[in-house]
Structure formats: structure tokens, C-alpha cells
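>>> kindly generate the corresponding structure for this input.
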Amino acid sequence: HRTLMNIFDKVPSVHKDAFVAPSASVIGEVQVGSASSIWYGCVLR
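Below you'll find the model as predicted:
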């Protein structure tokens, strides 16, 4: 499963059209826009 995690008041935002791989982690104040892709094993913070 993909991980979307808040850090304090910082919340990730992922556009509904973006691809986030099941093993990726998106943590904190991150914005993933339309037509974006976050691939397997990636960590964004």
C-alpha cells in the first residue's frame, strides 16, 4: 500500500490523476500535481 503521512500540520496533497506506486511514501508538505508519477520505493518529504 502507498503511504501518505502527515508531519504535524504538514499534509501531502496528491492530484487524483497522479500515479503513486504502492510502495512509495509521500510525507509532509508535498504537492504531487496532475500527470505526475511517483515510482516504486520512492520517498518524498
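
>>> if I pick Ala18, what's in contact with it?
Neighbouring residues of Ala18 by C-beta atoms under 8 Å, 6 or more residues apart in numbering: Val32, Gly33, Ser34, Ala35, Ser36, Ser37, Ile38. The way it works is simple: take the backbone N, C-alpha and C, and place the C-beta from them, glycine included.

>>> what about 10 Å?
Val26, Gln31, Val32, Gly33, Ser34, Ala35, Ser36, Ser37, Ile38 (C-beta atoms under 10 Å, 6 or more residues apart in numbering).

>>> okay, it: pLDDT?
Listed pLDDT for Ala18 reads 97.

>>> same question, the one 5 residues further on
pLDDT for Ser23: 95.

>>> cool, Arg2 as well?
pLDDT, Arg2: 77.

>>> in the sheet, who's paired with Leu44?
Leu44 has the following beta-bridge partners by DSSP bridges: Val26.

>>> what's the spacing between the residue nearest to the spatial centre of the chain and Leu4?
Centroid-nearest residue in the chain: Val26, 3.3 Å away (criterion: C-alpha atoms, centre = their mean). Val26 sits 5 Å away from Leu4 when distances are taken as C-beta to C-beta, to the nearest Å.

>>> ok, Val32 - contacts?
When contacts are counted by C-beta under 10 Å, 6+ apart, Val32 touches 4, 12-15, 17-20, 24, 26, 38, 44.
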